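# sequence-free structure coming up:
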């Protein structure tokens, strides 16, 4: 099914509040982005492009037209300006990752993601990655990897600073996944596909792929949340997630459902260029007939 | 589909198909080791026997009765390149395409289950040919020696510093030893497209596109890779550094190198000699 093209989609509209705030703080540090971008461009990006080109399978219009088309469709749906180079690597877990710098983004999909997901589910996973690109997470994800490493090189306080910084960055990183999940949903525009993709990632055996009960998985999320109220289990949960890159899979499903229930998802999908305009300050897309932006009270707008 | 009849290479001398880069890399290692080649081979051989014990306790051995078809493939490969002493073959569970060989005087080839489930019969000949290639080219003692460097026994700082001096050139050679093995593999399956297709699958082509993907696209990528690594000193240095420090050889790079040999006419010449 053709997806509705979300022309002019601004990531600010769907970014998870925590992700947005934390990233805004990081972005205020003068020079951080420019320096990191330049540094990574000369080191990691070069290194990674060479490695991917030399050992993995590159997706182009000629090499794999079907997958290429699917990636391009997601790009169009989400209005992604910075199109990544896409590669596949062999691996049977459902996974994708995006690294690189602005203008040089590199997406790697596991062969398992391509083989085990339906087209809409795959659009969800690719849309998730595109969400990281749109919100400019990629550079900060890379920082989360490299910064603690540099910090721990400083004697005495280094290890302490490095570790605390790591926990802070990892916390933001997990929150950024919620944003990316929302982008994934906006890409596939199919709630069931998004949730069933998460269920498959969580470990559903292939044998039961035809019979996915998403509600049961949401119930599991509920049970998990209840456990958190018990002090010991709650502490365990907090400790065990500290260094993870992604939030608990059940939370991702639950968080996505909450967002849909908030009406935000439908609101974004119902945008058309003729009945909406964008706030110049906060970037929210609002009805064309509104006098002031309901988000920040500003009255400067631009058309989409 | 019946398999195409293969040319039996009764006159095959492994030395003639050895990749020149492998030869020079090998010489540089031997020069670094006191006692030279025989000491090196001795250590490798001993360690090979030792690890074999560990591996033989695992996996499913391929015999005429357990997996007749696969066993026939093994015999076919040995027949083509003239290996009299047929090594043992076993499979182990892993959903990826990979293979390795262990042992000293008695060798065992191990294929991952993914290699059986994801490759066609012809492609399996290529993969088994890979391991037979390492065997006929005499790579095994060196491979075992390399594996020795990864044992916990060498965790001691002094030992590992000494080991590092040998390990780097050994790794460099290890990667190049695949160039030679790839040539033998191609001589086993005798079809360049089968070779490229196997490599493309190993590089990460999703199963969904197995039927519709032409191996030529993989060659295009290999050419792009070659031009990328020749584009300026920074890229060139980085490529060299990365290739040298990679523990596993790169598929696209291997495809490129194999194709060069194929196009040079050397491959056809070996087949014609029979």
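Nice, thanks for sending it over. Everything quoted here is computed from the prediction, not taken from an experiment. Numbering: from 1, shown residues only, chains lettered A, B, ... in the order given.

# How about the residues of the stretch 1-150 of chain B by chain A?
Residues of the stretch 1-150 of chain B lying close to chain A by C-beta under 8 Å from any C-beta of the partner chain are B:95-97. Heads up, the C-betas are built off the backbone N, CA and C, glycines and all.

# and the helix or strand hosting residue A:35, does that touch chain B?
For residue A:35, the host element (DSSP states H and E) is helix A:32-40. No - judged by C-beta under 8 Å from any C-beta, helix A:32-40 and chain B are separated, with a smallest distance of 13.5 Å.

# And that helix, what does it pack against?
strand A:96-101, helix A:137-151 (3 or more C-beta pairs under 8 Å, 6 or more residues apart in numbering or on different chains; DSSP states H and E).

# Please name whichever of these is nearest to chain B.
strand A:96-101 (12.1 Å; C-beta to the nearest C-beta).

# Could you pull up the mean pLDDT of the closest one?
Summarised as a single mean, pLDDT over strand A:96-101 is 91.

# who does it pair up with?
Applying DSSP bridges, strand A:96-101 is found paired with strand A:104-110 (antiparallel).

# following the partner strand, which helix or strand comes up?
Assignment by DSSP H and E places the next element after strand A:104-110 at helix A:111-116.

# right, and the helix or strand after that following helix?
helix A:119-134.

# Now look at that next one and say if it contacts chain B.
No - using C-beta under 8 Å from any C-beta, helix A:119-134 stays clear of chain B, coming no nearer than 10.0 Å.

# got the angle for that helix vs strand A:96-101?
20 degrees (axes from the mean of the first three to the mean of the last three C-alpha atoms, to 10 degrees).

# wait, what's in contact with residue A:103?
By C-beta atoms under 8 Å, 6 or more residues apart in numbering or on different chains, the residues touching residue A:103 are residue A:82.

# So for the lowest-mean-pLDDT helix or strand in chain B, what gets flagged as buried?
Sorting the helices and strands of chain B by mean pLDDT, DSSP states H and E puts helix B:232-245 at the bottom, at a mean of 71. Judged by neighbour count (16 or more other C-beta atoms under 10 Å in any protein chain shown), helix B:232-245 contains these buried residues: B:235, B:238-239, B:242-243.

# same question, stretch A:175-192
A:175-190.

# With residue B:205 as the reference, measure out to the residue of the stretch 201-304 of chain A found nearest chain B.
Nearest to chain B, among the residues of the stretch 201-304 of chain A, is residue A:206, at 10.9 Å (C-beta to the nearest C-beta). Distance of residue A:206 to residue B:205, given as C-beta to C-beta, to the nearest Å: 19 Å.

# who's more crowded, these two?
Higher neighbour count among residue A:206 and residue B:205: residue B:205, with 27 against 10, using other C-beta atoms under 10 Å in any protein chain shown.

# That one reaches residue A:57, doesn't it?
Yes - between residue B:205 and residue A:57 there is a contact under C-beta atoms under 8 Å: 5.0 Å.

# Which parts of chain A are strands?
A:57-59, A:85-89, A:96-101, A:104-110, A:276-279, A:285-287, A:301-303 (DSSP state E).

# least reliable of these going by mean pLDDT?
Among the strands of chain A, strand A:285-287 scores lowest, with a mean of 72.

# Show residues contacting the helix or strand where residue B:272 lies.
Assigned by DSSP H and E, residue B:272 falls within helix B:266-273. For helix B:266-273, the external contacting residues (C-beta under 8 Å, 6+ apart) are B:7, B:9, B:11-12, B:16-17, B:183, B:186-187, B:190, B:261.

# Which two of those have the greatest separation?
The distance between the two most remote of the contacts of helix B:266-273 (C-beta to C-beta) is 18.2 Å, for B:11 and B:261.

# So which of those two has more stuff around it?
Counting neighbours by other C-beta under 10 Å for residue B:11 and for residue B:261 shows that residue B:261 has the greater number, 18 against 10.

# contacting residues around that one?
Contacts of residue B:261 (C-beta under 8 Å, 6+ apart): B:19, B:183, B:186, B:267.

# ok, so of those residues, who is nearest residue A:93?
residue B:186 (32.2 Å).

# sorry, back to before: out of the buried residues of stretch A:175-192, flag the one nearest to residue A:33.
Out of the buried residues of stretch A:175-192, the member with the shortest distance to residue A:33 (by C-beta to C-beta) is residue A:176, at 15.5 Å.

# Would you agree the closest one is in contact with residue A:141?
Yes - with contact defined as C-beta under 8 Å, residue A:176 counts as touching residue A:141 (7.4 Å).

# so what sits against both of those two?
Contact criterion C-beta under 8 Å, 6+ apart; residues shared by residue A:176 and residue A:141: residue A:132.

# Can you pull the phi/psi pair for residue B:82?
phi 70, psi 40 (degrees, to the nearest 10).

# Chain A versus that one, what's the distance?
Using C-beta to the nearest C-beta, to the nearest Å, residue B:82 is found at 32 Å from chain A.

# Report pLDDT for residue B:187.
What the model reports as pLDDT for residue B:187 is 97.

# Revised request: answer the last question for residue A:54.
87.

# And the residue nearest to it when sequence neighbours are not counted, how close does it get to residue A:4?
Nearest non-adjacent residue to residue A:54, counting by C-beta to C-beta, 6 or more residues apart in numbering or on different chains: residue B:250, 4.1 Å away. As for residue B:250, its distance to residue A:4 is 41 Å (criterion: C-beta to C-beta).

# Looking at the two, which one has more neighbours?
residue B:250 (24 against 14).

# surely the more buried one meets residue A:55?
Yes - judged on C-beta under 8 Å, residue B:250 makes contact with residue A:55 at a distance of 4.1 Å.

# count of neighbours near residue 118?
Since no chain was named, I'll use chain A. 16.

# not what I meant, chain B
21.

# again with residue B:45
The burial count for residue B:45: 17, using other C-beta under 10 Å.

# from the middle of its chain, how far away would the helix or strand encompassing it be?
Element membership for residue B:45 (DSSP H and E) is helix B:36-56. Its chain's C-alpha centre and that of helix B:36-56 lie 18 Å apart, by C-alpha atoms, centre = their mean, to the nearest Å.
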